[in-house]
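> Build the 3D model from these lines:
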Amino acid sequence: MPDREPAAWPWLRDRLIRLRQSTRPEAVPAEVPAAVVRTAVVTDSAAALPADWVAAFTGDGRLTVVPMPVMVGDEIYGEGEDDITETIAVALAAGTPVKTSRPSPGQFEQAYQAARRRGFEAVVSIHLSGALSGTADSARLAAGRVDIPVEVVDSKTVGMALGMGVQSAVVAAADGRTAAEVREFAQQRLSRTNVYFYVPSLEQLRRGGRIGAAASLWGTMFAIKPILAVEDGRIIPLEKVRSGARAVARLEEIVTADAAGRLPGQARLAVHHFGNPGEAEQLAARLALALPGTPPAQISSLPAVLAAHAGLGVLAVIVGESSTPVTAPATGTG
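Model prediction:
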């Protein structure tokens, strides 16, 4: 089942395409100054951005997605470069070790230097939670080696929660924002984005060091199905539920309450799965009925670097807000 982009998000893609086209002199009346994109945005593949959305904005260098390495057995894959979802699913089912690592500083250095060569004045680099990965540290090391200003942001989150922050940064940059303004706009959106998820087993999270051995044993012995969340960059238990069906129902209730509490028309949803697309579709359909004023959720496989730790059967829901761009470009240089 292919991942899909909801009807609400093409407006963002289309707006950015128009802004990109508006930099062409023949496309803009003389009395309307075109926004000059001065800031490039870099992220990592843990952002789970829709592939067609990424393709629309990587060609001119305004967005770069650095692949996260995943090791399955003795083989190393680069997410975004290799189709590894099925490989990881088979490996997890078979008990084959699956490990992840951070991109090297050199990969980020190449991305930053490429932005400089394309004429960008600065880079905002937004990454997977520093409490779960050393990716932001690699980015900081690279930032110190290049002769273009780089603002590194630890998103303190994962998946499309990170992706929504990246999209907000791309929007702000397209409106001619300075690097500091792009960073601030992205951080505002990140701070308003929540991640809730359910995993059938805590064992894979324990193996990856994301939860303690005691928590995993406790969940296994008592058949507890916890609902988890990401808070300040770390995975925390939110509620303890006795069955998988009840856990999914409770996840739905938590998400509905969160989204309904946002300003009218502002909530945006994303649903991640791994190996259970049918469950994700059903959950998204129920959320659409419960939240008629909210655009349909984007549904996608969990990025491999996250699926390797969450394991098969995960259901995650991200609740964020619209990336409404600032309308009046600032003056001065970025």
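
> Just give the nearest non-adjacent residue to residue 89, would you?
residue 275 (5.1 Å; CB to CB, 6 or more residues apart in numbering). (Glycine included, C-beta is placed from N, CA and C.)

> so after the helix or strand of the chain with the lowest mean pLDDT, what's the next helix or strand?
Within the chain, no helix or strand scores below helix 213-221, which has a mean of 41 by mean pLDDT, DSSP states H and E. From helix 213-221 onward toward the C-terminus, using DSSP states H and E, the following helix or strand is strand 225-231.

> could you say what helices and strands that next one packs with?
strand 194-198, strand 234-241, helix 244-260 (3 or more CB pairs under 8 Å, 6 or more residues apart in numbering; DSSP states H and E).

> Report all helices and strands that the second one contacts.
Judged by 3+ CB pairs under 8 Å, 6+ apart, strand 234-241 is in contact with strand 225-231, helix 244-260.

> how about the helices of this structure, start to end?
10-21, 51-58, 85-94, 105-117, 135-143, 159-174, 179-191, 203-207, 213-221, 244-260, 277-290, 304-310 (DSSP state H).

> So residue 289 versus residue 268, what's the distance?
Shown here: residue 289 relative to residue 268, a distance of 17 Å by CB to CB, to the nearest Å.

> Counting neighbours, go ahead and name the busier of these two.
Neighbour count, other CB atoms under 10 Å: between residue 289 and residue 268, residue 268 has more, with 26 against 8.

> That one pairs with what?
Judged by DSSP bridges, the bridge partners of residue 268 are residue 320.

> Would you confirm that it contacts residue 317?
No - taking CB atoms under 8 Å as the definition, residue 268 is not a contact partner of residue 317, at 11.2 Å.

> List the buried residues of stretch 109-125.
109, 111-116, 120-125 (16 or more other CB atoms under 10 Å).

> Pick the one among those residues closest to residue 264.
The shortest approach to residue 264 among these belongs to residue 124, at 29.5 Å (CB to CB).

> Looks like that closest one contacts residue 173 (just checking).
Yes - assessed by CB under 8 Å, residue 124 is found in contact with residue 173 at 7.4 Å.

> where do the contact lists of the two overlap?
Here residue 124 and residue 173 have 39, 40, 41, 182 as joint contacts, going by CB atoms under 8 Å, 6 or more residues apart in numbering.

> burial count for the second one?
In this case it means residue 40. When neighbours are counted by other CB under 10 Å, residue 40 comes out with 30.

> Specify the beta-bridge partners of it.
Here residue 40, judged by DSSP bridges, has bridge partners residue 123.

> For it, list the residues it contacts.
Residues in contact with residue 40 (CB under 8 Å, 6+ apart) are 61, 62, 63, 64, 115, 118, 120, 122, 123, 124, 173.

> okay if I get those residues as JSON lines plus distance to residue 255 and pLDDT?
Output for the contacts of residue 40, formatted as JSON lines (distance: CB to CB, whole Å; pLDDT from 0 to 100):
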{"residue": "61", "distance to residue 255": "36", "pLDDT": "92"}
{"residue": "62", "distance to residue 255": "32", "pLDDT": "94"}
{"residue": "63", "distance to residue 255": "28", "pLDDT": "97"}
{"residue": "64", "distance to residue 255": "31", "pLDDT": "97"}
{"residue": "115", "distance to residue 255": "36", "pLDDT": "97"}
{"residue": "118", "distance to residue 255": "39", "pLDDT": "95"}
{"residue": "120", "distance to residue 255": "37", "pLDDT": "96"}
{"residue": "122", "distance to residue 255": "36", "pLDDT": "97"}
{"residue": "123", "distance to residue 255": "33", "pLDDT": "98"}
{"residue": "124", "distance to residue 255": "29", "pLDDT": "98"}
{"residue": "173", "distance to residue 255": "30", "pLDDT": "94"}
